[in-house]
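Q: Sequence unavailable; structure follows:
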């Protein structure tokens, strides 16, 4: 492992219990920092800042190390790891939270290790915007900061969230949350309002309908990969962000065309991730498979020469 | 007007009363055959088979003639024209029907004029599948038959509908209706089931999320054009079908790439149509505007070289 990292992610590590129409798992590895890191690890070096309890098995640490994820920023403290319990119906776009136990995540105060502070790419996963801001105070001169959030913070800490948004280059958010944050039902108008808050690029995630990117005066529409078998949508958004940031950090470029390709790589990672519970699909995923699906996205989207 | 036509459409002509969050209109021109014909008329010659009452103003007939739409198949009978009254909320994907008065449409028995029977392209808009089958008995040797339907027929006349579907080359249907017809929540699986009923090509309309086409083993995802102002989604599906069939009839080709381009032209026509109530936007639409928006769709979808 090199001592420097390309991407810093700050987010959650969790034990998820998930039920979908296709099966059920109990206390499996999850959390935004985990899904993000594993997806990004296929493209770039990632360092993770998160917290786990003393119930966190070394087996999972081994898995992260195998993926070359830098876990010097993963703190183990006394207590239990964050637990989330959720359920999905046939409409896999909507999760119903059955139970949340923050446990050690309740007192999470991200401390960025010295070795991570030069990271050029920073992903602030969906956590308290005050913590997101504290992370930004600790990093030196990131080239690109991307930020995720959720309705809980839009409603609970709108001012702090807007401050964090104003300091991000790329804001990644769900469709409904974009409308809620902008207080505007029309998505194009909502996007304009959000971009006026600061970020140069807005990515709106639409679940099985793909994603829309608003960047300067251009809009890009990426479809989701049409899958015959979707077992568990948990972690799709964070896998998307991981593939997206991983590709950007790998190319060291943020031109409009590269950002668009990065969105497709993000969509590729999300599409693999939902094919099984937890990180089961990503565990044995190979880079040639990723490239293969990227090419399938090209066939899915083109209306030029199809022969 | 030439005495032969490229495209035959059989559908409804209506007076629509529509309320959206952006305004309200009373008894304006509408109906599937109207929206389809006007959209298709930008690309090909269209003949319309439909019925109106003796309350149908000659002003509207003049408008159709101006658009070079062949109305020899538009029958005027004693009674009132079909009326539909509907409302949309901020979620413009869903229409709430407030009132339907079938009037003369109740006894609609499509008779295809001799001059229309050689039409190579036939569009059977959303009408009773028994009538759709009766149309197919009257046409000579169409090169391409496309068919639309709705949940009312899926639930009310499933067997007749399946017979009509089995005789179509292209089936155009809403996402929810595709799931309902196939009794399958996963759209890819539903598409396979529907294609096994006969049509070579299935186009699934997803409102503001665009359309998916399933054709042989290939899938094409077309986005909807992201609009800042959507006044009235009424007729979007039929304008889509009109642009789609119009382009196909104009190219005289149904290769995978051409069908994809036709879907984009359909999406272009739908995107213009929703910019105003009734056919107000299509009335003054020009072909250069259509080409311009087609190019914008290219920019919207590409993730290759953006500079």
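A: Sure, I can see it. For clarity, every value in this text was computed on a predicted model and none was experimentally measured.
Q: what about residue A:268, helix or strand, and which?
A: Using DSSP states H and E, residue A:268 maps to helix A:256-273.
Q: Could you list the residues of chain A in contact with chain B?
A: A:21, A:90, A:185-189, A:206, A:208-210, A:212, A:218-223, A:226-230, A:255-257, A:260-261, A:263-264, A:298-307 (Cβ under 8 Å from any Cβ of the partner chain). Heads up, the C-betas are built off the backbone N, CA and C, glycines and all.
Q: The same query, at a cut-off of 6 Å, please.
A: The interface of chain A toward chain B, taken as Cβ under 6 Å from any Cβ of the partner chain, is made up of A:90, A:185, A:188-189, A:209, A:219, A:221, A:223, A:226, A:228, A:256-257, A:260-261, A:264, A:300-301, A:303, A:305-306.
Q: any idea which helix or strand comes after the helix holding residue A:268?
A: helix A:280-283.
Q: got a list of contacts for that following helix?
A: For helix A:280-283, the external contacting residues (Cβ atoms under 6 Å, 6 or more residues apart in numbering or on different chains) are A:38, A:272, A:273, A:275.
Q: Recalculate using a threshold of 10 Å.
A: By Cβ atoms under 10 Å, 6 or more residues apart in numbering or on different chains, the surrounding residues in contact with helix A:280-283 are A:25, A:28-29, A:34-35, A:38-39, A:41-42, A:63, A:66-67, A:231-232, A:235, A:239, A:242, A:269, A:271-276, A:289.
Q: Show me which of the residues you listed are buried.
A: Neighbour-count burial (16 or more other Cβ atoms under 10 Å in any protein chain shown) is assigned, among the contacts of helix A:280-283, to A:25, A:28-29, A:34-35, A:38-39, A:41-42, A:63, A:67, A:231-232, A:235, A:239, A:242, A:269, A:271-276.
Q: How about the stretch 1-150 of chain A: which residue is closest to chain B?
A: Taking Cβ to the nearest Cβ, chain B has its nearest neighbour within the stretch 1-150 of chain A at residue A:90, 4.1 Å off.
Q: tell me which element that residue falls in.
A: Remark: residue A:90 resides in no helix or strand, with elements defined by DSSP H and E.
Q: give me every residue that touches it.
A: By Cβ under 10 Å, 6+ apart, the residues touching residue A:90 are A:20, A:21, A:22, B:179, B:184, B:185, B:186.
Q: Which PyMOL command selects the buried ones in these?
A: The PyMOL command for the buried members of these (criterion: 16+ other Cβ under 10 Å) is given here:
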select buried, (chain A and resi 20) or (chain B and resi 179+184+186)
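Q: Can you flag the buried ones in the residues of chain A next to chain B?
A: For the residues of chain A next to chain B, a burial check counting by 16+ other Cβ under 10 Å picks out A:188, A:209, A:219, A:221, A:223, A:226, A:256, A:260-261, A:264, A:300-301, A:303, A:306.
Q: In contact with residue A:77, which residues?
A: Residue A:77 makes contacts with A:51, A:52, A:53, A:54, A:56, A:103, A:104, A:107, A:108, as judged by Cβ under 10 Å, 6+ apart.
Q: who wins for neighbours among these?
A: Neighbour counts for those peak at residue A:52, which has 27 neighbours (criterion: other Cβ atoms under 10 Å in any protein chain shown).
Q: my guess is that one contacts residue A:13, does it?
A: Yes - if you go by Cβ atoms under 10 Å, residue A:52 and residue A:13 touch, sitting 5.1 Å apart.
Q: any common contacting residues for those two?
A: In the contact map built from Cβ under 10 Å, 6+ apart, the residues linked to both residue A:52 and residue A:13 are A:31, A:33, A:60, A:71, A:74, A:75, A:81, A:82, A:104, A:105.
Q: Please convert these to JSON lines, extending it with pLDDT, distance to residue A:121 and secondary structure.
A: Written out in JSON lines, the entries for these read as follows (pLDDT from 0 to 100; distance: Cβ to Cβ, whole Å; DSSP: H, G, I helix; E, B strand; the rest coil):
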{"residue": "A:31", "pLDDT": "97", "distance to residue A:121": "19", "secondary structure": "coil"}
{"residue": "A:33", "pLDDT": "98", "distance to residue A:121": "14", "secondary structure": "helix"}
{"residue": "A:60", "pLDDT": "96", "distance to residue A:121": "24", "secondary structure": "helix"}
{"residue": "A:71", "pLDDT": "97", "distance to residue A:121": "18", "secondary structure": "coil"}
{"residue": "A:74", "pLDDT": "98", "distance to residue A:121": "18", "secondary structure": "strand"}
{"residue": "A:75", "pLDDT": "97", "distance to residue A:121": "21", "secondary structure": "strand"}
{"residue": "A:81", "pLDDT": "98", "distance to residue A:121": "26", "secondary structure": "coil"}
{"residue": "A:82", "pLDDT": "97", "distance to residue A:121": "24", "secondary structure": "strand"}
{"residue": "A:104", "pLDDT": "96", "distance to residue A:121": "26", "secondary structure": "helix"}
{"residue": "A:105", "pLDDT": "95", "distance to residue A:121": "24", "secondary structure": "helix"}
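Q: Out of those residues, which end up buried?
A: Restricting the shared contacts of residue A:52 and residue A:13 to buried positions leaves A:31, A:33, A:60, A:71, A:74, A:75, A:81, A:82, A:104, A:105, with burial counted as 16+ other Cβ under 10 Å.
Q: wait, isn't the first one in contact with residue A:64?
A: This points to residue A:31. No - using Cβ under 10 Å, residue A:31 makes no contact with residue A:64, being 11.5 Å away.
Q: what do these two both touch?
A: Common neighbours of residue A:31 and residue A:64, using Cβ under 10 Å, 6+ apart, are A:13, A:37, A:48.
Q: out of those residues, which one sits closest to residue A:156?
A: Using Cβ to Cβ, the shortest approach to residue A:156 within these belongs to residue A:13, at 22.0 Å.
Q: isn't that closest one right up against residue A:30?
A: Yes - because the distance of 7.9 Å satisfies Cβ under 10 Å, residue A:13 is recorded as touching residue A:30.
Q: any common contacting residues for the two?
A: With Cβ under 10 Å, 6+ apart, residue A:13 and residue A:30 have common neighbours residue A:82.
Q: For the closest residue to residue A:206 other than its chain neighbours, list the residues it contacts.
A: Beyond its immediate neighbours in the sequence, the residue positioned closest to residue A:206 (Cβ to Cβ, 6 or more residues apart in numbering or on different chains) is residue A:175, lying 4.9 Å away. When contacts are counted by Cβ under 10 Å, 6+ apart, residue A:175 touches A:93, A:187, A:190, A:204, A:205, A:206, A:207, A:209, A:211, A:212, B:208, B:209.
Q: What's the separation between residue A:230 and residue A:271?
A: Counting by Cβ to Cβ, to the nearest Å, the gap between residue A:230 and residue A:271 amounts to 9 Å.
Q: Give me the common contacts of the two.
A: Taking Cβ under 10 Å, 6+ apart as the contact rule, the neighbours common to residue A:230 and residue A:271 are A:224, A:236.
Q: Would you mark the buried spots in stretch A:277-290?
A: Those would be A:277, A:278, A:279, A:280, A:281, A:282, A:285, A:290, for stretch A:277-290 by 16+ other Cβ under 10 Å.
Q: Remind me which helix or strand the spatially most central residue of chain A belongs to.
A: The centroid of chain A falls nearest to residue A:238 when counting by Cα atoms, centre = their mean (2.3 Å). Applying DSSP H and E as the criterion places residue A:238 in helix A:236-251.
Q: Can you list the strands that the host helix or strand of residue A:214 pairs with?
A: Under DSSP H and E, the secondary-structure element containing residue A:214 is strand A:211-215. Sheet pairing of strand A:211-215 (DSSP bridges) gives strand A:201-205 (antiparallel), strand A:218-222 (antiparallel).
Q: okay, those, which one's buried deepest?
A: When you average the neighbours per residue for each of the strands paired with strand A:211-215 (mean count of other Cβ atoms under 10 Å in any protein chain shown), strand A:201-205 leads with a mean of 24.
Q: per-residue confidence averaged over it?
A: What strand A:201-205 shows for mean pLDDT is 97.
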